[in-house]
Every structure is written in C-alpha cells, then in structure tokens.
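A.B. asks: just coords:
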C-alpha cells in the first residue's frame, strides 16, 4: 500500500515526537525529518537515529514534507508553526498532538498558509517518561487518536483528513473524529482533572508537618503511590494544558469541589447513608469500564509500557 | 518452629478474613475456626474449605482460640467482639484488621475481658475484590502490617505483642508498631483521602450531562480508569472508615481543598508559574517513592496479586 505521506516532518522530539518518528518509519513507510528547538535534543535524536535526518533549522526540516506534525507543548505550538511556515509546500497537511484542541485551533488557524490543510489531533497515549530517549515505535498501537477537523468544506480538506486518519491507523491507533470543543470537555473529565488532583494531593502530602515524608513514602502502596506516578508527568506540558483548557477544566473542577463538599459534610455529620450511596454508585462506572474492554491488568494512567 | 498461635479464630470471612484463614493454615501452622454473621458467607467458606471448621455461632468459633482476629468493617467491630466475648479463653490475644485504629481502640477496649490482650492491627493489603472467594494465602507477603499496641505495661502484654508480630511475619508481612492516633493520620493521607477523591471523581463523571458516560468510559485510559479501579472497593468498609477516622480525614481534606483552590485560581488567571512550581515539586515525591523501593511495574492502589 502506498504510504499516506511520503515525507513527514516532526517538530519537537520529546516522548511523542520521537515515537511518531520511529513509528512513521517503521509502520507508515515514510521518510522522517526532525527538528527540535533544543540543540541537546537534536543531538540525542541524531545519536538515537530517530529520523532519516535531524535539521538545525525548522524550515529545512519541513521543506518538501507532505505532513508536518507539531509535537511541542500546547503553549509552544504557535511559535513552532510560525518558524516553519515560510517553507511549507503547497498541499501540506499540518497536525499536532496537543492535549487541548480549542486553544490549538485558535493559535494555529491564523498561522497556517491558505495552501495548507490544518487538522488538529490528539493521541491518547503516553508514558510517565519524557524526552527523546523515552520514545518507542509501538506507543500508539491499540490506543485512541482523536482528530478534530476544522469546518473546512473543501473536498481537498476532506481528503486530507482521510489521509491523516490512514497515517494514524498505519501507526496502530484507533481514530475518532470529534469537534474540538467536545474533545476539550471530554478530556477535562477523563484526563486533565485526574492529573490536576494527583499533582495537588502529592504536593499537599509533601507539606504536612504532622506526617513525615518518609512515612508517606513507606505506606504509599495503600493508594498514594499511583498519585505519585501521575505526578511524574512533564510539568511544562501540564502547565500549558491547564491554561489552554481553562474553561472546561474550571467547569469540571467546580463540580468536583461541590461534590467533595457534600462528602466532607457527610463525614463531619456521620451521614453514612450519603457516603454509602455515592460509593455504591461509583462502582457502576467501574463495571462499565470493564465491560467496555477499557481495563488492563496494569493500571497506568493511560501510559502503556 | 512452634506456631505463634495454635488455634486461630477469624470473625468475618471477606477478602481479608479468608486470606488470613488460608495463610494461617499454610504459613503459620495454625488450626483455623471461622465465623461470619452472614449464613451465605459461612456456606461459601465451607465450600471453599477456607478453615478447619466453620461455625454458626461466634462463641463456638472462638472457644479455645489463642488468637481471635476481627475481620469485619470498622463499624461492626464492637458487635462482633461483644457476641464472642463470653467464650474467650484466658490469655487470648484479640486483634483486628480495621483501616482505622483510634475508633477501634475506643470501641473494643471496654468490651475485651481483663484476661485478654487486645492488640489492634492493620494490614496494608487488599485487592479491588471482596468476599470469601477473593481471599488468597499470599495476600500479606511483602506488605506492611501495622500494629498499634495499647499503653498496657503488663509484661504478658508485651509478650503477646511479640507473638502477634511473629504471627504476621509468618504470613510474610513486614510488621511495624505505631501509636493508633499516628496511624490514623498517616493512613488518612496515604489511603483514605486518595480513596475519597477517587470515589468523588467517578461519581461526578457519572453526573455530567455534557459528556456521555460512554465517552468517559471510552477515553478512560487517559487517566480516569485508575480512579474507577479504586472506586470498586467495598462501599460498606469505606463508609465506616471515613466516619471512624473523621478528624484526620477532615484535616487532610481541608488542606487538600485549600491547595486545590490555589491551583484553581492559578488556572483562572493563567498563572503558569504557580502551576509549574507545584507540578515540579510533586515530581520530587515520585522520585522518593521509587528510591524507597515502594514502586511496582503495575500501579494498583496497594492491591498486589
């Protein structure tokens, strides 16, 4: 089968960018050009032979590319596209891997040349590790990849979306299309809020004077440990996510806090009935996750292997 | 080596009680008598041959026992001991497995006969499953077991604590001794608050009108899934934990909510510096958990197996 894209440029060589580079060469029969703003990362990318070429200049990396993937933190997307834009060839497909889509659409739409097709995307994949050394070719296999196409009526745009979908399928992902705003609410619930809470509880435990850090660490297996795992995620990426998805995160965070206040009150007043009913209801969701085949023997915050 | 206790009675045959029964026979060379208030559970215990005998009456179960283990929810401890007390033999050691210790000490101290040695305890072990069928002999291997001895100056009491410690070591546990109040604060941070938050976020997601339950389930691998895992825990047990450990839970919950409010404000005002600093700080705790050897390849909320 002909490759969906013959020449792929990846801007940003962290965990996701490195994994895309490896997978695109291995599974999508593409030649891969790489660029990262950090010279040390470019050096690692060369040493690890992540792509066919690693460029010191973003325009050199994207020149001639059929697909440009922006794999930088959400807050750095605009700068990354701006730096590469003059060298983009007509008909190029531009996509990204940001965890927020509304803000990315807003930032990138004015910067993409009219002859390009901007199709934002988000792979629901990752590990707790970051950087070029963390990448591996099978990261996207069996995982969801969400595309949030723009409201662009050109038939060529629809074809470009199909090609991008074929690319991600070649990498092993299950592809879904969704409106950017809806994506941001769904991910605020399933990913952003869980991460925010994990960061918060870990930082809080560090502050407690009444319990030593060593005690928290020692008994962390009783629940706390998995919060520390999630809190190992890249702080720059997450800072950008929360700021970029402010509205949806504040909405679900508000509901979370309201509900928590109800539980707090039930504990204070010894209201066992309210506690039991909520805990029992939460079990239903668990059964649905298992029935949907979304469970694994190793819980890992969506970070396979 | 002589067994620490020749005859062990286990009151309450859920996951923990069944596992103690299996492990006591297998690893501690003890004969095990069982009782559960629920006749269906007793029937399962017989069918599964969990103990040497399953009694329909608590006093028959504890008669002649050297060690009585109360393996019932915290709220049912007093009733369980009261029902068995008249048949307890002089010198018997009474322990429990409740996740809260201050409230258990308060409930059981007045009920234990003067000729008995009450030594509360808490195994930091479990799975997301409950009931007699969920038990297995290796549940406690390599896990912490916390004993919270009373302020009892009798030399016989100190000897009884040593024997109980030997029993748990025979089952494979690492035994620690700790003051009951301190236990309750440490566990509020490392276990009770994480569970409360997990229950809350799962129940909240079920309530959102803007996102369908199927979407939450579909993308649950992005973080949410592990909250559903923890929320599968036994609701009766957890209701009792929160009510019994009210003071410590409200204290850490108050701090959690305060800190979350700071993050909420930082998100609202786009204060990336505050977010980054907190996320970065949280990573330090993660490194300590790894360095302490408390991490496993499979995060599982402390539920090995």
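C.D. replies: On my side now, so go ahead. This structure is a prediction, so every number in the text was calculated from the model and none was measured.
A.B. asks: Point out the residues in the stretch 51-200 of chain A that sit beside chain B.
C.D. replies: Contacts of the stretch 51-200 of chain A with chain B, taken as CB under 8 Å from any CB of the partner chain, map to A:75, A:124, A:143-144, A:185-187, A:189-191, A:193-200. C-betas here are computed from N, CA, C, even on glycine.
A.B. asks: Buried subset of those residues as a PyMOL selection?
C.D. replies: Applying 16 or more other CB atoms under 10 Å in any protein chain shown to these, the buried members can be selected in PyMOL as follows:
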select buried, chain A and resi 75+124+143+144+185+186+187+189+190+191+193+194+195+196+197+198+199+200
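A.B. asks: So which of the residues of the stretch 51-200 of chain A next to chain B sit within strands?
C.D. replies: Using DSSP state E, the members of those that fall within strands are residue A:144.
A.B. asks: can you tell me which of the residues of the stretch 51-200 of chain A next to chain B are in helices?
C.D. replies: Using DSSP state H, the members of those that fall within helices are A:185-187, A:193-200.
A.B. asks: For chain B, state which of these is nearest.
C.D. replies: Distance ranking of those against chain B, using CB to the nearest CB, places residue A:194 first at 3.8 Å.
A.B. asks: Touching, that closest one and residue B:223? I think so.
C.D. replies: Yes - using CB atoms under 8 Å, residue A:194 makes contact with residue B:223 at a distance of 3.8 Å.
A.B. asks: State the distance from residue A:161 to residue A:116.
C.D. replies: Shown here: residue A:161 relative to residue A:116, a distance of 13 Å by CB to CB, to the nearest Å.
A.B. asks: try residue A:19
C.D. replies: 24 Å.
A.B. asks: more neighbours, the two?
C.D. replies: residue A:19 (28 against 19; other CB atoms under 10 Å in any protein chain shown).
A.B. asks: quick one: pLDDT of that one?
C.D. replies: Note for residue A:19: predicted pLDDT of 98.
A.B. asks: Tell me which helix or strand it sits in.
C.D. replies: helix A:15-27 (DSSP states H and E).
A.B. asks: Next: residue A:285.
C.D. replies: Taking DSSP H and E as the definition, residue A:285 sits inside helix A:272-291.
A.B. asks: Report the rounded mean pLDDT for that helix.
C.D. replies: Rounded mean pLDDT across helix A:272-291 is 86.
A.B. asks: what comes into contact with it?
C.D. replies: A:262-263, A:266-267, A:295, B:75, B:198-200, B:202-203, B:205-206, B:213, B:216-217, B:220, B:225, B:228-229, B:231-233, B:235-236, B:238-240, B:242-243 (CB atoms under 8 Å, 6 or more residues apart in numbering or on different chains).
A.B. asks: do that again at 6 Å, thanks
C.D. replies: A:266, A:295, B:199, B:202-203, B:206, B:217, B:220, B:225, B:228, B:231-232, B:235, B:238-239, B:242-243 (CB atoms under 6 Å, 6 or more residues apart in numbering or on different chains).
A.B. asks: Would you indicate which residues of stretch A:136-156 are buried?
C.D. replies: Within stretch A:136-156, judged by 16+ other CB under 10 Å, the buried ones are A:136-140, A:143-150.
A.B. asks: okay, the residues you listed in JSON lines with secondary structure next?
C.D. replies: JSON lines is the format used below for the buried residues of stretch A:136-156 (DSSP: H, G, I helix; E, B strand; the rest coil):
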{"residue": "A:136", "secondary structure": "coil"}
{"residue": "A:137", "secondary structure": "coil"}
{"residue": "A:138", "secondary structure": "coil"}
{"residue": "A:139", "secondary structure": "coil"}
{"residue": "A:140", "secondary structure": "coil"}
{"residue": "A:143", "secondary structure": "coil"}
{"residue": "A:144", "secondary structure": "strand"}
{"residue": "A:145", "secondary structure": "strand"}
{"residue": "A:146", "secondary structure": "strand"}
{"residue": "A:147", "secondary structure": "strand"}
{"residue": "A:148", "secondary structure": "coil"}
{"residue": "A:149", "secondary structure": "coil"}
{"residue": "A:150", "secondary structure": "coil"}
